[in-house]
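S.K.: this is the structure alone, sequence omitted:
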């Protein structure tokens, strides 16, 4: 099963989309998903909830399944604001959605216990990070 967790529409129709944690929890069995993409999903939760949220997401992933986490990186957003590389309208567009937390790539990476990080990249234009990881246990 291919899973897309996001408030935004999935760019790939092969992925089953879930916009809420409860629908994801009911709709995906433990170890059922071969790929889970979290696109802006983590920031819709309080920062203190994210460690348990990631444990639940990882539990739904098969061994050797891939997890992709894409979200805003507050470090990149801050640098763009301080360097005046972006205007207020752009910041509001980038931060759209119901954000409840600010994230750093390194902080999210540190919460991915039991996963092997296979790629990590930053997009300066969208001020986002992408972490790709594989479940090894």
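M.R.: Everything's here; your move. Please read these numbers as outputs of a predicted model, since none were measured by experiment.

S.K.: what sits against the residue lying closest to residue 126 once chain neighbours are set aside?
M.R.: If you skip the residues right next to it in sequence, residue 126 has residue 94 as its closest partner in space, 6.6 Å away by Cβ to Cβ, 6 or more residues apart in numbering. For every residue, glycine as well, the C-beta is placed using N, CA and C. Taking Cβ atoms under 8 Å, 6 or more residues apart in numbering as the contact definition, residue 94 lies against 72, 77, 86, 126, 127.

S.K.: count the neighbours of the last one for me.
M.R.: Read that as residue 127. 24 (other Cβ atoms under 10 Å).

S.K.: same check, this time on the one 10 residues further on
M.R.: When counting by other Cβ under 10 Å, one arrives at 8 neighbours for residue 137.

S.K.: tell me the pLDDT at it?
M.R.: Looking at residue 137, its pLDDT is 79.

S.K.: ok, which pair from the contacts of residue 94 is furthest apart?
M.R.: The most widely separated members of the contacts of residue 94, counting by Cβ to Cβ, are 72 and 86 (12.4 Å).

S.K.: residue contacts, residue 42?
M.R.: Contacts of residue 42 (Cβ under 8 Å, 6+ apart): 50, 53, 54, 69, 71, 101, 103, 108.
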